[in-house]
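*Asks:* got a predicted model here, sequence first, then my questions.
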Amino acid sequence: MQIQKKLTVILSELKNHAPFTLFGASTGLVCMLLFKNVGPVINHRLFQVFHPGHVILSAIVTASLYRLYESKASFIKIFLIGYFGAIGIATLSDCILPFFGESILGVAIPVHADLHEHNTVAGHDNKLQEDAHGNEEDIHYEDGLESEKNDKTPGIRARLHLGFIEDWYLVNPAAFLGILIAYFRPRTRFPHAGHVLISTWASSFHVLMNTNRELTAVMLFGVFVVLFIAVWLPCCVSDIVFPLLFVGSDKDLSNVLHHH
C-alpha cells in the first residue's frame, strides 16, 4: 500500500510540474536569445549564479521534506540526504542532461584541453614528418586551415561542465546553506515556480556556454525539448522521490501532495 501511495504522489507531482516546466522552458529560450552573443565567459558567470541557486533550493526542499517526516533523524542523515539529493539531481538537471542534449543537437564546442592535446599530437606527428623528409614547408598549415582541420578532427569531446567540481567553492557551500535552512526551518517555503525557473535558466546557460552555432528555429525547438526534460523529471526526483525513499513506511504521505 505504501508503494502505491508513493507512486500516486510521484505521478501527481509529474502532472503538477508540467505547466511550470513548459513556462520555464519558454523563458529559457528567451534567455538564450537575449544572451546568445555575450560569449561563453559571461554565460559561465550566469551559470555560476543560477546553478548554485538551484542547489540551495533543492537542498532546502529535499532536506525539509525528509525532516518533516523523520523529525527524530540525526543531522548527519539529514545532511547526507540533502547534499546528495541536491548536488546529484541539480547536476543531472543543469549539467548532464543539457550536455547530452547539446551533443545530440550538435551545438557543443570542443574542450580546450582536448584541442591542446590534439595540437600537441599533431605537432609531434609533424615533427616526425619533418625529421623523415627534411621539408618543413610540407607539414605546416596556414592558421585558418589548421583551425578548420582541428574542428573536423574526430574524437574531440564536447564540453561537460560539472558545477560541484569546477565551481566547487560556490556549489558546495550553496548545498550546505540549503541544508542548514532546512534543518532549522524545515517549513521554509519558496514558490515552486521559482524553483523551476532557476533550474531552467541554469540549464539554459550550460547550453549557451557550449553553443557555437546559429540558433535556428529547429535548433530552438530541440533546445526547448531538452530544457523541459532536464527540469521536469529531475525536479520531481529531487523534491519528492529521493527524500521519500528514506521515509518510513508508517508515515502518512497525504500532505506531500500539497507541499508546494
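*Replies:* Received it, and whenever you're ready, just let me know what you need. Numbering: from 1, shown residues only.
*Asks:* quick check, Ile42 in contact with Leu34.
*Replies:* No - shown here, Ile42 and Leu34 do not form a contact pair, counting by CB atoms under 8 Å, at 11.3 Å. For the C-beta atoms, the positions are set from N, CA and C on the backbone; glycine is no exception.
*Asks:* element containing Thr188?
*Replies:* Using DSSP states H and E, Thr188 sits in no helix or strand.
*Asks:* ignore the last one, Val231
*Replies:* Per DSSP H and E: helix 217-236 holds Val231.
*Asks:* contacts for that helix, please.
*Replies:* 10, 13-14, 17-18, 21-22, 24-26, 28-29, 32, 89-90, 92-94, 97-98, 101-102, 104-105, 107, 195-196, 199-200, 203-204, 207, 213, 215 (CB atoms under 8 Å, 6 or more residues apart in numbering).
*Asks:* in helices only, show me the residues you listed.
*Replies:* 10, 13-14, 17-18, 21-22, 24-26, 28-29, 32, 89-90, 97-98, 101-102, 104-105, 195-196, 199-200, 203-204, 207 (DSSP state H).
*Asks:* got a quick ChimeraX command for the buried subset of those residues?
*Replies:* Selection of the buried residues among the ones in helices among the contacts of helix 217-236 in ChimeraX, burial being defined by 16 or more other CB atoms under 10 Å:
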select :10,13,14,17,21,24,25,28,29,32,89,90,97,98,101,102,105,195,196,199,200,203,204,207
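*Asks:* ok, Ile42 and Leu34, which is more surrounded?
*Replies:* Set Ile42 next to Leu34 and count neighbours by other CB atoms under 10 Å: Ile42 wins out with 14 against 9.
*Asks:* I'd like the distance between the more buried one and Leu208.
*Replies:* 9 Å (CB to CB, to the nearest Å).
*Asks:* same question for Gln48.
*Replies:* From Gln48 to Leu208 the distance is 13 Å (CB to CB).
*Asks:* Pro52 now?
*Replies:* Counting by CB to CB - Pro52 and Leu208 are separated by 17 Å.
*Asks:* repeat for His54
*Replies:* Distance from His54 to Leu208, by CB to CB: 16 Å.
*Asks:* more neighbours, these two?
*Replies:* Comparing His54 with Leu208 by neighbour count (other CB under 10 Å), the higher total belongs to His54, at 33 against 26.
*Asks:* that one contacts Ile198, correct?
*Replies:* Yes - counting by CB under 8 Å, His54 touches Ile198, with 5.0 Å between them.
*Asks:* secondary structure element holding Lys72?
*Replies:* Assigned by DSSP H and E, Lys72 belongs to no helix or strand.
*Asks:* output the below-cut-off pLDDT ranges for the stretch 151-260 of the chain.
*Replies:* 151-158, 189-193, 235-260 (pLDDT under 70).
*Asks:* elements contacting the host helix or strand of Leu34?
*Replies:* Using DSSP H and E, Leu34 maps to helix 2-35. With contacts taken as 3 or more CB pairs under 8 Å, 6 or more residues apart in numbering; DSSP states H and E, helix 2-35 sits against helix 40-69, helix 192-209, helix 217-236.
*Asks:* need the winner for burial among these.
*Replies:* helix 192-209 (a mean of 25; mean count of other CB atoms under 10 Å).
*Asks:* how many degrees apart are that one and helix 40-69 in direction?
*Replies:* On the basis of axes from the mean of the first three to the mean of the last three CA atoms, to 10 degrees, helix 192-209 is oriented at 150 degrees to helix 40-69.
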